[in-house]
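A.B. asks: task: produce atomic coordinates for the following.
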Amino acid sequence: MRVVVAGATGLIGSRTVARLRDHGVEVVPVSRRHGVDVITGTGLDEALRGAEVVVDVTDAPARTEEAGLRFFRTATANLLAAGASAGVEHHVVLSVVGTGRLRSGYFLAKELQEYQAGQSPVPHSIVRAALSFDSLEAMAVADTRPDGVHVAPALIRPVATDDVAAAVAHVAVGLPLLGRLEVAGPEEYRLDDLTAKLLAAKGDATSVVSDPHARLFAAQVGKRALLPEPGAHICHTTFSAWLAQR
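C.D. replies: Numbers count the residues shown, from 1 in each chain. As a prediction, this is how the structure comes out:
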């Protein structure tokens, strides 16, 4: 099996490549570093030649509505068109839990990406992952204000990046879902409490302000909007295990 991974140099992309190789498949990493540009289409046809599966773990360079919609509309269309021309049999998209419920530019862009995959003649699978420990930690640091970081008291089941990559790889080597699978961690936290734990674990004394009006990727977050759907795949890595692995 020949699998193309678009976004192969990112945090999840690089780990997805490794997990796919664990499955014994031939992996073709795709990124600008590899001479392939999903926005302009440069190098795509050559990269996808002979591929059976395309895995799209790309992400927009910015989380604004304009940047997200522009990126996903163009990149997804180019990947799907090149895949159809190459005879690809399975197109896998990595999305995020909360898509379809949360209303902001980023989530609308992910919704568009999912819709494009569903409308393509190439059989598809969508993997919606809960937010990872790594991404939550990075957001907490980036969003700090003079009085601390404001975080909504929403419920979440955070997931380890390695577990997301393993789930994406498993879906990629299987039959197309023709739908979506949600992936989440084994423990439920309040987002504000978890953020405080993440900062404390890295020795950061920044205060965490529980703020019901705080936004996530510019979206107003309801209490249960970040929780996965019934039937989600629940991964094994706990918060304490993730800390130990770091």
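A.B. asks: can you map out the helices along this protein?
C.D. replies: For the chain, applying DSSP state H gives helices covering 11-22, 44-48, 65-86, 105-119, 133-142, 161-172, 191-201, 239-245.
A.B. asks: flag every buried residue along the last one.
C.D. replies: By neighbour count with 16 or more other CB atoms under 10 Å, helix 239-245 contains the buried residues 239, 242. The way it works is simple: take the backbone N, C-alpha and C, and place the C-beta from them, glycine included.
A.B. asks: which stretch in the helices of the chain is the model least sure about?
C.D. replies: Of all these, the minimum mean pLDDT falls on helix 133-142 (a mean of 89).
A.B. asks: ok, now how distant is V28 from H34?
C.D. replies: To H34, V28 is 8 Å away according to CB to CB, to the nearest Å.
A.B. asks: these two: which has the busier surroundings?
C.D. replies: Taking other CB atoms under 10 Å, V28 and H34 do not tie; V28 has more neighbours (20 against 14).
A.B. asks: hey, what's that one bridged with?
C.D. replies: Here V28 shows beta-bridge partners V4, assigned using DSSP bridges.
A.B. asks: and it, what does it touch?
C.D. replies: 2-5, 47-48, 51 (CB atoms under 8 Å, 6 or more residues apart in numbering).
A.B. asks: out of the residues you listed, who's nearest G179?
C.D. replies: Using CB to CB, V3 comes nearest to G179 of the contacts of V28, at 20.0 Å.
A.B. asks: not counting sequence-adjacent ones, nearest residue to that closest one?
C.D. replies: Closest residue to V3 apart from its sequence neighbours, by CB to CB, 6 or more residues apart in numbering: V53 at 4.4 Å.
A.B. asks: correct me, but that neighbour touches G87?
C.D. replies: No: using CB atoms under 8 Å, V53 makes no contact with G87, being 11.4 Å away.
A.B. asks: bridging residues for the closest residue to L175 other than its chain neighbours?
C.D. replies: Spatial nearest neighbour of L175, excluding adjacent residues (CB to CB, 6+ apart): H90 at 7.8 Å. Counting by DSSP bridges, H90 forms beta bridges with V53.
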